[in-house]
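Chemist: just to be clear, the model below is a prediction. Sequence and coordinates:
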Amino acid sequence: ERGFFGAIEAQAGPGRRKEMHWHRDGATGLLHLGITLSGQRRLQLRAWTEEEWTQELSMSAGHIYLSSPFLFEHCISYRPKEPTLALMCRFGFLDE
């Protein structure tokens, strides 16, 4: 009856180089499962401690990650001339 991933979104990346801006997801990003189905994407994470800390992950078909992008800044970039398809699975909140 209930599950963690109530919202599933397909994201098709452009067939051109594109970099998104740094951002945090909304509350549905408290639990997030990203699945890369085709193409290549680069995920950059940024956290603030005493100094800025960044981490970069390259993802291609078959890569998955489980995270909480509601809690940290991140951005995605896509490779040029390579369309990308990914599924984003997030919390789904019921209006009860």
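Modeler: All right, it came through fine.

Chemist: measure the residue most central in space within the chain to F70 for me?
Modeler: Among the residues of the chain, the one closest to the centroid is G34, at 5.6 Å (C-alpha atoms, centre = their mean). In this view, G34 and F70 are 13 Å apart by C-beta to C-beta, to the nearest Å. Placement of C-beta: from N, CA and C, glycine included.

Chemist: before we move on, what about G29?
Modeler: Going from G29 to F70 by C-beta to C-beta gives 4 Å.

Chemist: ok, those two, which is more surrounded?
Modeler: Shown here are G29 and F70; by other C-beta atoms under 10 Å, G29 has more neighbours (20 against 16).

Chemist: hmm, E82 is touching G39, no?
Modeler: Yes: using C-beta atoms under 8 Å, E82 is in contact with G39, at 5.0 Å.

Chemist: all strands for the protein, in order.
Modeler: For the chain, the strands defined by DSSP state E occupy 7-13, 18-19, 32-38, 40-48, 52-60, 64-67, 73-78, 84-90.

Chemist: indicate which one of the ones you listed is closest to D25.
Modeler: D25 lies closest to strand 32-38 among those, at 6.8 Å (C-beta to C-beta).

Chemist: which strands border the closest one, and is each parallel or antiparallel?
Modeler: Strand pairing for strand 32-38, using DSSP bridges, gives strand 64-67 (antiparallel), strand 84-90 (antiparallel).

Chemist: which one of these lies closest to T49?
Modeler: Nearest to T49, of all those, is strand 64-67, at 17.7 Å by C-beta to C-beta.
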